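[1] what follows is a predicted protein model with its sequence.
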Amino acid sequence: MLPDILNTLFLLIAVIDPFGSVPVYLEATKNFDLKHKKKIAIRASIVAFFILLFFILVGQLILEGMSVSLDAFQISGGVILFLFALTMIFGEGKPQYEKEHIKDYKHVTIFPVAIPSIASPGAIMAVVLLTDNHIYTLQQQALTTSLVLVVIILTMLMLLIANTVQKRIGEYGITVISKIMGLILASYAVQSILSGLKDFFQVLH
């Protein structure tokens, strides 16, 4: 039982990727003060959990009804993350004047922090597969849901620590890290797209 729990936990950590959400969060919140950054970290984590919980409860019915595959999820998620990574690498994703006047932190909380960064397409598909009604009992599904909550809490803590790190190294340090993380995120996004395409063409053969 314990090995199964640990396997599920490590899989959820891999697909939700608490560390990978940090660069997205820092870039998306760089125009907000510390108070709003903390709110975004906490609320984005809560929103992401409820998104995953929704798919745990009814995701299987929706995906089976729409015939949506894991490959499609991987490719679409990869494209979205790649476009966001480009804004991190090449500078301002929108005019500076507009960024300075962003006040709606709720919008940033939902996109891109809650989704697709924390509740990524891969994470959504993973929780659906890990709570397959045809394979797992209700008790097993409840345990998986609890593990999802644990990983989301870990992600939230990572984002809150990121605020402290950002404050210590300053704006220029964050700019440098943002560029590097943008490259890493772009590579991850491309890998996601390639994996989706590879699996898709293997299915065709």
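    Looks like it came in fine.
[2] what's the following helix or strand after the lowest-mean-pLDDT helix or strand in the chain?
    Sorting the helices and strands of the chain by mean pLDDT, DSSP states H and E puts helix 96-100 at the bottom, at a mean of 40. Heading C-terminal from helix 96-100, the first helix or strand you meet, by DSSP states H and E, is helix 105-108.
[3] what residues does the following helix or strand past that next one touch?
    Sequence-wise, the next helix or strand downstream of helix 105-108 (DSSP H and E) is helix 121-130. The set of residues external to helix 121-130 that reach it, using Cβ atoms under 8 Å, 6 or more residues apart in numbering, is 8, 11-12, 15-16, 51-52, 55-56, 59-60, 63, 70, 73-74, 76-77, 136, 144, 148, 192. C-beta coordinates here come from the backbone N, C-alpha and C atoms, glycine included.
[4] could you redo the last one with a cut-off of 7 Å?
    Helix 121-130 is contacted from outside by 8, 11-12, 15-16, 52, 55-56, 59-60, 63, 70, 73-74, 76-77, 144, 148, using Cβ atoms under 7 Å, 6 or more residues apart in numbering.
[5] do stretch 163-180 as well
    For stretch 163-180, the surrounding residues in contact (Cβ under 7 Å, 6+ apart) are Pro23, Leu26, Glu27, Lys30, Leu34, Lys37, Lys38, Met88, Ile89.
[6] which ones among those residues lie within helices?
    Using DSSP state H, Pro23, Leu26, Glu27, Leu34, Lys37, Lys38, Met88, Ile89 are the members of the contacts of stretch 163-180 that sit in helices.
[7] contact partners for the nearest residue to Gly182 once chain neighbours are set aside?
    The spatial neighbour of Gly182 that comes closest, neighbours along the chain excluded (Cβ to Cβ, 6 or more residues apart in numbering), is Met88 at 3.0 Å. Contacts here follow Cβ under 7 Å, 6+ apart; on that basis Met88 touches Pro23, Glu27, Ser178, Lys179, Met181, Gly182, Leu185.
[8] got it, and Phe49?
    Val148, Leu149, Ile152.
[9] closest one of these to Arg43?
    Distances from Arg43 to the contacts of Phe49, taken as Cβ to Cβ, are shortest for Ile152 (12.0 Å).
[10] what's around that closest one, how many residues?
    25 (other Cβ atoms under 10 Å).
[11] I'd say it and Ala48 touch.
    Yes - using Cβ atoms under 7 Å, Ile152 is in contact with Ala48, at 6.1 Å.
[12] sorry, back to before: tabulate the ones in helices among the contacts of stretch 163-180 (JSON lines), appending distance to Met158 and pLDDT.
    Converted to JSON lines, the ones in helices among the contacts of stretch 163-180 look like this (distance: Cβ to Cβ, whole Å; pLDDT from 0 to 100):
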{"residue": "Pro23", "distance to Met158": "11", "pLDDT": "78"}
{"residue": "Leu26", "distance to Met158": "11", "pLDDT": "85"}
{"residue": "Glu27", "distance to Met158": "15", "pLDDT": "81"}
{"residue": "Leu34", "distance to Met158": "16", "pLDDT": "87"}
{"residue": "Lys37", "distance to Met158": "13", "pLDDT": "92"}
{"residue": "Lys38", "distance to Met158": "13", "pLDDT": "93"}
{"residue": "Met88", "distance to Met158": "18", "pLDDT": "72"}
{"residue": "Ile89", "distance to Met158": "22", "pLDDT": "80"}
